[in-house]
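> Quick one, fold the following:
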Amino acid sequence: MRSNLDTLLQVTADAKSLALIGSGKNAGKTSVLNALIYAYRDVDRSLVLTSAGFDGEDKDRLSGKVKPRVYLFPGMYAVTSQAFLRRATVDPEVIECFSHDTLFGPPVLIRAKHAGFIELSGPVSLADLIDINAYIRHELAKPLFIVDGALGRKGNAAFSYADSVILSVSAENDHPSQLVRRIERQFAWLSIPLVSGEDDPADTILLDGAVTDGDVATLLSSHLKKDMTLLLSDRANCFIGETMRRELAKRRIALRAKRGATLVALVFNPKREDNAIASSTPYMQALSQFTDVPILKLDVTPSIGRAL
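Numbers count the residues shown, from 1 in each chain. Now for the predicted structure:
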């Protein structure tokens with residue numbers, strides 16, 4: 001148990017902002033968030049939490065399934081809707097009120113005076129998230145801003161706010177090889193090689209914003225030639241599928257990015273869709289062949305309930 005907490009502290013030690021993303025719904029992102037909260041309970045950093053969706057409720061609003069609640073220790077911070085403060089048990093001290101919006105109203109930055117539970121609903125737009133992150137970096141000492149990402153919102157891993165990423169994947173009903181194939185696309189964009197501003201390749205086409213298969217197909221029909229480079233402004237802007245990637249490779253067209261968050265850990269959730277627990281060994285072995293980042297198993301990463 002302790003080794004997992006040590007690993008979480010180690011891989012996030014240099015991070016200033018961290019995105020928690022998942023391979024699908026119920027991949028274990030909030031459980032990883034709670035493990036990070038527990039790991040940082042005695043560390044001299046300003047831990048600030050928020051969510052790109054809605055977290056910390058007893059049950060999922062759509063499925064009705066029980067969800068892990070979010071537990072803060074004294075001195076930790078959260079950005080959430082002001083409307084949720086009356087249900088928080090942390091005796092929240094309001095530090096700042098923002099003019100942005102969450103799914104449930106204006107967000108506030110609070111500091112927990114006591115240990116307890118809180119519900120999280122953060123900024124709805126990436127621009128607002130970036131703005132609040134800038135405030136946190138300026139006002140708080142040694143901050144680590146953690147965003148529990150929403151399903152399908154890859155933009156929440158953009159380098160403009162997140163320098164590090166932890167990816168949670170679940171067994172669902174897949175065999176190990178199927179699991180690897182299912183997450184290949186996420187690994188592909190997280191591993192796009194970076195280039196520095198001083199080392200922009202020759203014969204380069206720079207694209208800002210999201211880049212899709214359709215965008216690349218248009219370029220292939222006109223501008224892109226062999227031995228050229230397609231340069232993205234951010235890894236998280238890549239929405240290019242595997243078939244198109246193979247086409248680029250066949251034409252010797254390199255895919256690079258100017259910046260991008262770094263994958264620092266992978267967390268495997270062995271719980272299947274039918275609530276059975278998969279044998280973790282073959283999945284962990286398959287994942288270890290796919291990446292060299294640390295891999296943690298969720299059922300030995302303590303949830304906050306077990307940690308207490």
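> May I have the beta-bridge partners of Tyr71?
Phe117 (DSSP bridges).
> what number of residues lie near it?
The number of residues packed near Tyr71 is 24, by other C-beta atoms under 10 Å. Glycine gets a C-beta too; all of them are placed from N, C-alpha and C.
> ditto for the one 5 residues further on
Look at Met76: counted by other C-beta under 10 Å, it has 21 neighbours.
> again, but for Val293
Count around Val293 with other C-beta under 10 Å applied: 18.
> A helix includes it, no?
No - using DSSP: H, G, I helix; E, B strand; the rest coil, the assignment for Val293 is coil, not a helix.
> from memory it sits against Val264, does it?
Yes - using C-beta atoms under 8 Å, Val293 is in contact with Val264, at 6.4 Å.
> Which neighbours do those two have in common?
Counting by C-beta atoms under 8 Å, 6 or more residues apart in numbering, the residues touching both Val293 and Val264 are Val11.
> Can you show me the helices along the chain?
2-12, 29-39, 126-139, 176-190, 213-220, 242-250, 280-288, 304-307 (DSSP state H).
> which one of the ones you listed is the most hemmed in?
helix 29-39 (a mean of 24; mean count of other C-beta atoms under 10 Å).
> any weak-confidence spans in the protein?
1-2, 58-66, 150-158, 197-201, 272-276, 299-308 (pLDDT under 70).
> How is it divided into domains?
2-189+261-307, 193-257 (automatic domain parsing).
> most packed of those?
Buried most deeply of the domains of the chain, by mean count of other C-beta under 10 Å, is domain 2-189+261-307, with a mean of 19.
> what distance separates that domain from the centre of its chain?
7 Å (C-alpha atoms, centre = their mean, to the nearest Å).
> quick one: contacts for the closest residue to Arg245 other than its chain neighbours?
Nearest residue to Arg245 in three dimensions, chain neighbours excluded: Ala188, at 6.7 Å (C-beta to C-beta, 6 or more residues apart in numbering). Ala188 is in contact with 238, 242, 245, counting by C-beta under 8 Å, 6+ apart.
> Tabulate the residues you listed in a markdown table, adding columns for distance to Thr212.
As requested, the contacts of Ala188 are exported to a markdown table (distance: C-beta to C-beta, whole Å):
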| residue | distance to Thr212 |
| --- | --- |
| Cys238 | 9 |
| Glu242 | 14 |
| Arg245 | 12 |
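> coming back round to it: the helices of the chain: which one's closest to Thr229?
helix 242-250 (10.1 Å; C-beta to C-beta).
> Phe239 versus Ala210, what's the distance?
For Ala210, the distance to Phe239 equals 6 Å [C-beta to C-beta, to the nearest Å].
> ok, residues contacting stretch 4-12?
So stretch 4-12 is in contact with 18, 35-36, 38-40, 43, 144, 164, 166, 264-265, 293-294, 296, 300-302, going by C-beta under 8 Å, 6+ apart.
> my bad, stretch 285-298
Against stretch 285-298 from outside (C-beta under 8 Å, 6+ apart): 4, 7-8, 11, 28, 31-32, 168-169, 176-177, 179-180, 187, 263-271, 280, 284.
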